[in-house]
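Chemist: Sequence and computational prediction follow.
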Amino acid sequence: MNLKIEQDEKGNKTIKNIKYLYKFIEFIRQLADKHNVKIQNYMELPSIELIVDGTESIFNKDRTIDNVYMKKHSLAMFFNSKDFSKLIGKPITIKNGEYLAVVSKGNESRDYDFPKFISSPATEKETPFKYAGRLIFNGSFFQNAGMNAYVLSEDDYNAFTKDLSINNYNNSVLFDVDKATDTYAFASDLKAETIKRTPKEMGKYTSYDEYVKKRYESAGQKYFMDEEYPSGEGSLKLTPDNNQLYLQWKYYPNFKILQSQDMIKNTAVFLMLFIYVGIICFTAVGIIAYTRGVTIAVNHKQIFIDLNRLGANNDYIKFCIRNQLKKVFSYPLITGSFVIYLFNFMIMVNNDGRIVHSEVNALLINLCLLAVCGVYMYLIYRLTYKKFKEIIGISK
């Protein structure tokens with residue numbers, strides 16, 4: 001869970017999406033005991049939000065777009081190399097003045113626009129930093145925050161924490177559980193309790209950025225995220241039964257067991273609808289192809305009979321039948337399956353210029369579906385071929 005820290009009017013450190021961190025941690029342990037779940041490898045991973053440079057697209061009234069580079073563009077999440085090394089279980093070597101970019105497996109070859117300047121929200125002084133490479137990490141606890149994640153040396157991290165507002169601190173609570181496949185009820189209750197304890201104003205979308213908001217307001221403009229997506233309303237209504245939160249909520253608590261099982265549950269309606277429509281379409285295609293083939297046989301029956309009387313043997317007549325049915329079965333199958341498959345492949349490539357592991361799996365699944373489609377159409381073809389021969393009087 002990614003927990004946002006803020007400072008209240010009395011100067012107490014509190015958590016924006018739960019009232020008190022340690023009180024909630026105690027609740028986690030009590031809930032784990034209730035469900036007979038054993039918590040393992042518990043840790044708290046602090047991070048800070050710093051300003052990085054970047055390019056913003058400005059939409060003009062004349063419908064043109066200007067890409068404007070800013071040395072202070074938006075916020076990004078930064079970890080201490082000492083803390084992050086404990087998380088991944090191996091030492092991290094990084095020099096002062098450099099940073100590592102945290103990327104997930106499969107995205108290590110992707111081209112990123114890495115920052116060249118890092119600024120503290122307290123001073124907004126631009127400090128040049130050098131990109132020192134990628135750090136592969138498949139965890140998703142910080143990805144909901146909608147920020148890029150980086151790792152700094154311990155000295156640089158501590159230097160940025162000086163005079164930094166408590167509003168720019170995060171504290172991620174991480175833990176494993178024994179027999180994860182049996183902990184769905186525990187994870188579900190914990191997620192529901194987290195959402196219940198979250199104040200409405202923390203219902204922010206993943207792309208919500210406090211510094212971008214500050215930039216807009218300092219220029220006398222209203223931040224569009226506040227106008228178009230009010231906190232805690234619409235699809236981000238903070239209720240445990242809102243199944244849209246995991247897609248868009250900045251502080252959504254991540255549980256692997258819920259991700260794996262709820263994803264199927266949340267998409268079950270769409271999946272069933274797709275299967276239902278697919279069955280109807282396949283049935284319609286089979287009926288249309290069979291009817292078209294039989295219609296050709298009926299309309300051209302006399303021609304085939306005359307060919308037989310003129311001395312054409314059965315092999316030649318069967319050759320003519322196959323040529324007629326090829327137009328009904330082969331050409332539509334190639335156009336409707338392999339051409340679309342190629343189009344799907346081109347979309348994946350042109351989307352970001354690469355094919356990741358998940359997309360390879362999707363292409364393989366689609367290829368298997370094409371094979372099933374081919375077998376189905378072949379069976380319809382054999383049935384139509386047999387009926388065609390019966391109509392024109394060829395039994396063998």
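Modeler: Received, thanks. From a predicted model like this one, the values you see are computed outputs, not experimental measurements.
Chemist: I'd assumed residue 163 was in a helix, is it?
Modeler: No: read with DSSP: H, G, I helix; E, B strand; the rest coil, residue 163 is coil and lies in no helix.
Chemist: List the contacts of it.
Modeler: Shown in contact with residue 163 (CB atoms under 8 Å, 6 or more residues apart in numbering): 120, 122, 123. Quick note: C-beta positions are derived from backbone N, CA and C, even for glycine.
Chemist: switch the cut-off to 6 Å
Modeler: Applying CB atoms under 6 Å, 6 or more residues apart in numbering, we find residue 163 in contact with residue 122.
Chemist: Now do the helices in the stretch 151-300 of the chain.
Modeler: Applying DSSP state H, counting those that start in this stretch to the stretch 151-300 of the chain gives helices spanning 154-161, 184-196, 210-218, 224-228, 245-248, 256-266, 268-299.
Chemist: can you tell me which of these comes nearest to residue 42?
Modeler: When the helices of the stretch 151-300 of the chain are compared by CB to CB, helix 184-196 sits nearest residue 42, at 13.5 Å.
Chemist: ok so, going back, mind putting the helices of the stretch 151-300 of the chain into CSV with mean pLDDT, distance to residue 71 and mean neighbour count?
Modeler: Shown next, in CSV, are the helices of the stretch 151-300 of the chain (pLDDT from 0 to 100; distance: least, CB to CB, whole Å; neighbours: other CB atoms under 10 Å):
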stretch, mean pLDDT, distance to residue 71, mean neighbour count
helix 154-161, 94, 16, 17
helix 184-196, 88, 37, 18
helix 210-218, 91, 12, 15
helix 224-228, 78, 22, 12
helix 245-248, 80, 29, 18
helix 256-266, 76, 37, 14
helix 268-299, 89, 44, 13
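Chemist: Which one of these lies nearest to residue 116?
Modeler: helix 154-161 (15.0 Å).
Chemist: Give me the contacts around the closest one.
Modeler: By CB under 6 Å, 6+ apart, the list of residues contacting helix 154-161 reads 50, 80, 81, 82, 96, 120.
Chemist: okay, now the second one: neighbour count?
Modeler: A count of neighbours around residue 80, defined by other CB atoms under 10 Å, yields 23.
Chemist: one step back: which of the contacts of helix 154-161 lies closest to residue 172?
Modeler: residue 80 (12.3 Å).
Chemist: Now that closest one. Nearest residue, chain neighbours left out?
Modeler: residue 157 (4.2 Å; CB to CB, 6 or more residues apart in numbering).
Chemist: Which helix runs longest in this protein?
Modeler: helix 357-392 (DSSP state H).
Chemist: Select, out of the helices of the stretch 151-300 of the chain, the one closest to residue 91.
Modeler: helix 154-161 (11.9 Å).
Chemist: Please put the alpha-carbon coordinates of that closest one into PDB.
Modeler: The C-alpha coordinates for helix 154-161 follow below in PDB (Å, rounded to 0.1, in the frame of the first residue of the first chain):
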ATOM      1  CA  GLU A 154      21.800   7.800   0.200                       C
ATOM      2  CA  ASP A 155      23.600  11.200   0.400                       C
ATOM      3  CA  ASP A 156      21.500  12.800  -2.300                       C
ATOM      4  CA  TYR A 157      18.300  11.400  -0.800                       C
ATOM      5  CA  ASN A 158      19.100  12.800   2.600                       C
ATOM      6  CA  ALA A 159      20.100  16.200   1.100                       C
ATOM      7  CA  PHE A 160      16.700  16.500  -0.600                       C
ATOM      8  CA  THR A 161      14.900  15.700   2.600                       C
END
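Chemist: Need phi/psi at residue 124.
Modeler: phi 60, psi 30 (degrees, to the nearest 10).
Chemist: Could you measure from it over to residue 49?
Modeler: Note on residue 124: its distance to residue 49, by CB to CB, to the nearest Å, is 13 Å.
Chemist: from the chain's centre, how far out does stretch 347-356 sit?
Modeler: 14 Å (CA atoms, centre = their mean, to the nearest Å).
Chemist: How is the closest residue to residue 86 other than its chain neighbours assigned, secondary-structure-wise?
Modeler: Leaving aside its sequence neighbours, residue 86 sits nearest to residue 43 (CB to CB, 6+ apart; 6.8 Å). Following three-state DSSP, we place residue 43 in the strand state.
Chemist: Count the neighbours of residue 43 for me.
Modeler: Per other CB under 10 Å, the neighbour tally for residue 43 reads 12.
Chemist: My guess is it contacts residue 174. True?
Modeler: Yes: using CB atoms under 6 Å, residue 43 is in contact with residue 174, at 5.3 Å.
Chemist: tell me which residues in the one helix or strand residue 339 maps to are buried?
Modeler: Assigned by DSSP states H and E, residue 339 falls within helix 339-352. Across helix 339-352, burial judged by 16 or more other CB atoms under 10 Å covers residue 348.
Chemist: Between helix 357-392 and it, find me the angle.
Modeler: 170 degrees (axes from the mean of the first three to the mean of the last three CA atoms, to 10 degrees).
Chemist: C-alpha coordinates for helix 339-352, PDB please?
Modeler: The C-alpha atoms that make up helix 339-352 are tabulated as PDB, following Å, rounded to 0.1, in the frame of the first residue of the first chain:
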ATOM      1  CA  VAL A 339      -5.200 -10.100 -42.500                       C
ATOM      2  CA  ILE A 340      -6.800  -9.000 -39.200                       C
ATOM      3  CA  TYR A 341      -4.100 -10.900 -37.300                       C
ATOM      4  CA  LEU A 342      -1.500  -9.000 -39.200                       C
ATOM      5  CA  PHE A 343      -3.300  -5.700 -38.500                       C
ATOM      6  CA  ASN A 344      -3.400  -6.600 -34.800                       C
ATOM      7  CA  PHE A 345       0.400  -7.200 -34.900                       C
ATOM      8  CA  MET A 346       1.000  -3.900 -36.600                       C
ATOM      9  CA  ILE A 347      -1.100  -2.100 -33.900                       C
ATOM     10  CA  MET A 348       1.000  -3.600 -31.100                       C
ATOM     11  CA  VAL A 349       4.300  -2.700 -32.900                       C
ATOM     12  CA  ASN A 350       3.300   0.800 -33.800                       C
ATOM     13  CA  ASN A 351       1.800   1.500 -30.300                       C
ATOM     14  CA  ASP A 352       5.300   1.900 -28.700                       C
END
